[in-house]
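> Return a 3D structure for these sequence lines:
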Amino acid sequence: MLQRIQSIYLSIACIAMVLLSFRVPIYSLDDKVIWVQDDSKMFILTLLSGLLALVGLFIYRNRKIQMKLIRFAVIINFIIGVRLLLLWKAFQVSLNSNALLIVLLATVALLLAYKGVKKDDDLVRSVDRIR
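Numbers count the residues shown, from 1 in each chain. Okay, the predicted model is just below:
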């Protein structure tokens, strides 16, 4: 069912990661702006996170797989955040605060989506217990 609140959260996470992949610079080094496409590992991670959120949006009938996909996407977002912070610490680059906010927004949206899916799963289990 696409009208659930976790569907909105998954859509927000997917849009945020695609936006980060193609429209937002992540940092600047020596007056050169670096985009996500310039860093192949970061590009793959952001697209994978967005793709997992999109697939999780449409696998609403199997909540167990949906929860696994969301957990994996959260782990990928944490890896992206850690990678950005390591770049900042190691190379003293000027990070784009919008990139960090987008990663944070996507992670929070994924965590809220997971909470909603878990709530639905618990509700279905309680109804099955009553029968």
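> In contact with the residue nearest to the spatial centre of the chain, which residues?
Central residue of the chain (C-alpha atoms, centre = their mean): residue 106, 4.3 Å from the mean position. Contacts for residue 106 (C-beta atoms under 8 Å, 6 or more residues apart in numbering) come out as 12-13, 16-17, 20, 49, 53, 77. Quick note: C-beta positions are derived from backbone N, CA and C, even for glycine.
> Need the residues you listed in a markdown table (columns: secondary structure).
As requested, the contacts of residue 106 are arranged in a markdown table below (DSSP: H, G, I helix; E, B strand; the rest coil):
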| residue | secondary structure |
| --- | --- |
| 12 | helix |
| 13 | helix |
| 16 | helix |
| 17 | helix |
| 20 | helix |
| 49 | helix |
| 53 | helix |
| 77 | helix |
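> between these, which is closest to residue 32?
residue 20 (18.7 Å; C-beta to C-beta).
> Where does the residue lying closest to that closest one once chain neighbours are set aside fall, secondary structure wise?
Distance criterion C-beta to C-beta, 6 or more residues apart in numbering; nearest residue to residue 20, sequence neighbours excluded, is residue 102 at 4.8 Å. Applying DSSP states H and E as the criterion places residue 102 in helix 97-130.
> In that helix, which residues are buried?
Buried residues in helix 97-130, counted by 16 or more other C-beta atoms under 10 Å: 99-100, 102-103, 105-114, 116-117, 120.
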